[in-house]
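[1] after the sequence you'll find the predicted model.
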Amino acid sequence: MKNNPILLIFALLVVVIIVFNSVFIVKETEQVVITQFGRPVGEAILTPGLNFKTPFIQTTNFFDKRFLEWDGDANQIPTKDKKFIFVDSYARWQITDPLKFFIRLTNERGAMSRIADILDGETRDHVANHNLEEVVRTSNRTPLSSGVIAEMISDSLVVIEVGREKIQHMIRESANKQASDLGIAILDFKIKRINYVPEVREQVYNRMKSERMRIADEFRSEGQGDASVINGEKERDLQTIQSAAFKDAEGIMGKADAQAASIYAEVYNRSAASRELYAFLKAMETFEKTFDAETQIILSTKSELYKYLKDMK
C-alpha cells in the first residue's frame with residue numbers, strides 16, 4: 001500500500017467518510033434522537049457538543065429546542081347563547097421530550113397537525129360553554145361618567161364571571177393534558193380575533209347602532225334639562241342685574257333732574273332776562289320733544305309757543 005498512492009488515497013477517503021458519518025455536533029438550539037433502522041436507540045441527546053454514532057447504520061434526527069409557533073385557521077363556532085362566530089387563534093409550543101415526540105409524532109409537520117386537532121377541539125368546547133360576552137371581554141367595565149346615563153350604561157353591561165383570559169387559560173390547560181404523552185407542551189394560547197359570521201353581522205351592527213342612538217338620546221335629554229336649568233338661572237340673574245341697574249339709573253336721573261330744576265330756578269330768579277332765556281330754552285325743548293317735520297298743529301295767538309314761532313318767522 002505504501003508503494004501504491006491510489007490505495008492510500010482511497011483508504012484515507014474511506015476513513016474520512018466513516019468519521020464524517022460517525023461524528024455529529026449538537027448545537028445549543030437542538031436536541032437529537034438517534035435511530036437505527038427507523039427505531040430509536042438510547043436516550044435523546046439534550047446537551048450541546050460533539051457526539052458519535054455508528055456510521056451508515058444509525059441516523060440522527062434533529063429537533064428544535066426553541067419555542068415554536070402554531071397559527072390556526074379561523075373556525076365557525078356557536079357560543080352558549082347561540083351566536084355563531086369565527087374564532088382565529090394561535091399558540092406557542094415546545095418539544096419537551098424529543099424521544100417521545102419522535103415515537104408519537106415523528107416530526108414537526110405531524111406535531112402541527114396533532115396540535116391543530118387538540119386546540120381546535122378544546123377551543124370549540126370552551127367557547128360553546130360560554131356566552132359571547134365572556135369570550136370577548138376579560139373583565140367587567142365601569143363607565144367613566146356619572147349620573148343617570150352612567151347608571152343606565154352600567155345596567156346594560158353583562159356581568160363577566162369567567163372572561164376571555166381565563167377561557168384561554170382553560171383551553172391551554174386542557175390541551176396540555178391531551179398532549180402530555182406526545183413529548184410537547186403548549187406554552188401559550190391566545191384568541192387573536194373574533195368575528196361574526198356574515199349572516200348575523202349586519203343584524204348585530206344594526207342593534208349596536210340602535211343601542212348607541214338610545215344612549216345618545218338619553219344624553220341629549222339630560223343635556224337639554226341641564227340647559228333649561230342654566231337658562232333659567234341666567235334669566236333670573238339677568239333680571240336681577242337689570243332691576244338693580246334700572247333702580248340706580250332712576251336714582252341718578254332723579255338727582256340730575258333735581259339739580260337741573262334747582263339750576264333753572266336759580267337762574268329764573270336772578271333777572272327778567274334770565275327768566276326770558278329760561279322760558280325760551282324750555283319752549284325749544286318742548287318743540288324738540290313734541291314735533292317733527294310732518295307734524296301739523298293749531299296754536300292760539302296767545303300761546304307762548306306761537307310767540308316764538310312768530311318771532312322766528
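    Noted; the coordinates are in hand.

[2] need the next SSE after the worst-scoring helix or strand of the chain on mean pLDDT, C-terminal direction.
    Within the chain, no helix or strand scores below helix 148-156, which has a mean of 49 by mean pLDDT, DSSP states H and E. Counting by DSSP states H and E, the next helix or strand C-terminal to helix 148-156 is helix 164-178.

[3] buried residues, that next one. List them.
    Arg164, Ile167, Gln168, Met170, Ile171, Arg172, Ser174, Ala175, Asn176, Gln178 (16 or more other Cβ atoms under 10 Å). For the C-beta atoms, the positions are set from N, CA and C on the backbone; glycine is no exception.

[4] could you dump the next helix or strand after it to PDB, C-alpha only?
    Counting by DSSP H and E, the next helix or strand C-terminal to helix 164-178 is strand 184-196. Listed next in PDB are the C-alpha coordinates belonging to strand 184-196 (Å, rounded to 0.1, in the frame of the first residue of the first chain):
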ATOM      1  CA  ILE A 184     -44.700  18.600  23.700                       C
ATOM      2  CA  ALA A 185     -46.000  21.400  25.900                       C
ATOM      3  CA  ILE A 186     -48.400  24.200  24.900                       C
ATOM      4  CA  LEU A 187     -46.700  27.300  26.400                       C
ATOM      5  CA  ASP A 188     -49.200  29.900  25.400                       C
ATOM      6  CA  PHE A 189     -52.600  30.100  23.700                       C
ATOM      7  CA  LYS A 190     -54.400  33.300  22.600                       C
ATOM      8  CA  ILE A 191     -57.600  34.100  20.700                       C
ATOM      9  CA  LYS A 192     -56.300  36.800  18.300                       C
ATOM     10  CA  ARG A 193     -59.600  37.600  16.500                       C
ATOM     11  CA  ILE A 194     -63.300  37.000  16.900                       C
ATOM     12  CA  ASN A 195     -65.800  38.000  14.300                       C
ATOM     13  CA  TYR A 196     -69.500  37.300  13.500                       C
END
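
[5] off-centre distance for strand 184-196?
    Centroid separation between strand 184-196 and its chain, computed with Cα atoms, centre = their mean, to the nearest Å, is 22 Å.

[6] and if you look at stretch 175-188?
    With Cα atoms, centre = their mean, you get 35 Å for stretch 175-188.

[7] quote the end-to-end distance of that stretch.
    10 Å (Cα to Cα, to the nearest Å).

[8] which other residues reach that stretch?
    With contact meaning Cβ atoms under 8 Å, 6 or more residues apart in numbering, stretch 175-188 is reached by 67, 91-105, 111, 114-115, 118-119, 122, 172, 189.

[9] enumerate the positions of it that are buried.
    Those buried within stretch 175-188 under the rule 16+ other Cβ under 10 Å are Ala175, Asn176, Gln178, Ala179, Leu182, Gly183, Ile184, Ala185, Ile186.

[10] same check on stretch 113-125?
    Arg114, Ile115, Ile118, Leu119, Asp120, Glu122, Thr123, Arg124.

[11] now swap in stretch 17-29 and tell me
    Under the neighbour-count criterion of 16+ other Cβ under 10 Å, stretch 17-29 has Phe24, Val26 buried.

[12] so Thr35 versus Leu182, what's the distance?
    18 Å (Cβ to Cβ, to the nearest Å).

[13] same question for Lys209.
    Distance from Lys209 to Leu182, by Cβ to Cβ: 48 Å.

[14] about what we covered before: identify the farthest-apart pair in the buried residues of stretch 175-188.
    Ala175 and Gly183 (14.2 Å; Cβ to Cβ).

[15] show residues contacting stretch 112-130.
    Outside stretch 112-130, the residues that reach it (Cβ under 8 Å, 6+ apart) are 70, 72, 75, 77-80, 85, 87, 89, 91, 93, 105, 135, 162, 167, 170-171, 174-175, 178-179, 182, 184, 186, 189, 191.

[16] let's see that with 6 Å instead.
    Trp70, Ile77, Lys80, Ser89, Ala91, Val135, Ile167, Met170, Ile171, Ser174, Ala175, Gln178 (Cβ atoms under 6 Å, 6 or more residues apart in numbering).

[17] the third one looks like it's in a helix, true?
    It refers to Lys80. No. Lys80: not assigned to a helix; according to DSSP: H, G, I helix; E, B strand; the rest coil it is coil.
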